[in-house]
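# sequence and predicted structure, then a few things I'm wondering about:
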Amino acid sequence: MAGSTGNGKPKRLALISSKGTLDWAYPPFILASAAAAMDWEVAIFFTFYGLPLLKKELDAKVSPLGNPAMPMKMPFGSEGFQNINWPMPNILMANIPGFESAATGLMKKMFKNKGVASVEELRDACVEMDVRLIGCQMTMDVFGFTKEEFIDEAEIAGAAAFLAYAAEAEVNLFI
């Protein structure tokens, strides 16, 4: 059985999500939903800038400044221009007014056109498959978040509680 460790207990995945930009929002939810679909137990610990991914209203954006590997091969409209590589340093792109919004819109459109679920849809799938979504209590306190800002399914716990879960996991990943 794909989700079993061999001793009858389900496999476990423990993920730490520490970044909240759109491109970094996908990996924890994709990995968690895939593992849950394989009958694994899954928990994601959202800490630091990953914590806003638990907010009721998601507002994740693309940030070229924090991602030097971001390709500038984006679909810019007409067929002939879609595969042109526009070489621009990230520091320059980050200073162009409206670039973050444009890049976010382009990425969302590109993912939709390729049939990739939105971050919201992936998070909803995780909720439906009983993935534990754990918000870091210390991060909440430091950044001034309240439990009411997060989806109802979010748990709030400290690092020790997550570590107790992770200690029993076959796979632990930091994203």
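Arrived safely, thanks for sending. Only a predicted model underlies this, so the values are computations on that prediction, with no experimental measurement involved.
# helices and strands of the chain: which one bottoms out on pLDDT?
Every helix and strand of the chain was ranked by mean pLDDT, DSSP states H and E. The lowest is helix 90-94, at a mean of 55.
# what's the first helix or strand after it?
Next helix or strand after helix 90-94 toward the C-terminus (DSSP states H and E): helix 99-113.
# now that next one: buried residues?
Neighbour counts over helix 99-113 (16 or more other C-beta atoms under 10 Å) mark Phe99, Glu100, Ala103, Thr104, Met107, Lys108 as buried. The C-beta positions use only the backbone N, C-alpha and C, and glycine is treated the same way.
# helix or strand: which one has the residue positioned nearest the centre of the chain?
With distances taken as C-alpha atoms, centre = their mean, Ala25 lies nearest the centre of the chain, 2.1 Å away. Per DSSP H and E, Ala25 falls inside helix 22-37.
# can you give me the angle whatever helix or strand comes next after that helix makes with helix 22-37?
Downstream of helix 22-37, the next assigned helix or strand under DSSP H and E is strand 41-46. With axes from the mean of the first three to the mean of the last three C-alpha atoms, to 10 degrees as the basis, strand 41-46 and helix 22-37 are set at 160 degrees to each other.
# on that earlier part again, packing partners for the helix holding Ala25?
Contact here means 3 or more C-beta pairs under 8 Å, 6 or more residues apart in numbering; DSSP states H and E; on that basis helix 22-37 packs against strand 12-17, strand 41-46, helix 99-113, helix 119-128.
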